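> Have a look at this prediction, sequence included:
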Amino acid sequence: DSTGESGSSVQLGALTNACVEYAHAVLKANCPQSSSDIPSSVVKDDSIYQRFSSIHGANSVPRPKPFGDGILKCCEEMDLHPSQVIYVGDAPTDARAAVDAECRAAIGVLWGSNDEETLKKEEGFKALCTTVDELERAIEEYL
């Protein structure tokens, strides 16, 4: 596990409104396959995909986003309380799901399927990020 500056363990989970099989396929295709692709401080094993301890889609949770059910299922599998979760998403339904599940924070990213104007309308996002560096700083703020 990666650790934040406070020494706390960081776990990864994924939730999508697509089917769970698609979630696995996208993560396998897009996650760095080797720790040499990213800084050693971020990962210690050979595959980022393997670090995801919970992956769900709309077909593997009771109700899809904007409901918090999927986040709560991930939390249960990861042995976390939602107040320990920083949820990162790219859609209004992500912010709503994080609020519904009572996550510590929801952070919006602008390299997904929605533009800044759309995501700014969602009160649930504590921050909006345009770069990975901004996302890292936003996450650190809530760790």
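Alright, I've got the coordinates.
> Wait, residue 68 touches residue 94, no?
No: at 10.7 Å, residue 68 and residue 94 do not qualify as touching, with contact defined as Cβ atoms under 8 Å. To be clear about C-beta, it is placed using only N, CA and C from the backbone, and glycine gets the same treatment.
> ok, which stretches of this protein are helices?
Using DSSP state H, the helices of the chain run over 20-30, 69-78, 92-101, 116-120, 132-142.
> I'd like the ones you listed laid out as TSV, including mean pLDDT and mean neighbour count.
Supplementary listing: the helices of the chain in TSV, determined by pLDDT from 0 to 100; neighbours: other Cβ atoms under 10 Å:
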stretch	mean pLDDT	mean neighbour count
helix 20-30	93	14
helix 69-78	98	20
helix 92-101	98	22
helix 116-120	96	13
helix 132-142	96	14
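> Looking at these, which is nearest to residue 63?
helix 69-78 (4.5 Å; Cβ to Cβ).
> Report the backbone C-alpha coordinates of the closest one in CSV.
This file holds the C-alpha atoms of helix 69-78, laid out as CSV (Å, rounded to 0.1, in the frame of the first residue of the first chain):
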residue,chain,number,x,y,z
ASP,A,69,-24.8,2.2,-2.9
GLY,A,70,-21.7,1.4,-5.0
ILE,A,71,-19.4,3.5,-2.9
LEU,A,72,-20.8,1.8,0.2
LYS,A,73,-20.2,-1.7,-1.3
CYS,A,74,-16.6,-0.7,-2.1
CYS,A,75,-16.2,0.6,1.4
GLU,A,76,-17.5,-2.7,2.9
GLU,A,77,-15.1,-4.7,0.8
MET,A,78,-12.2,-2.4,1.7
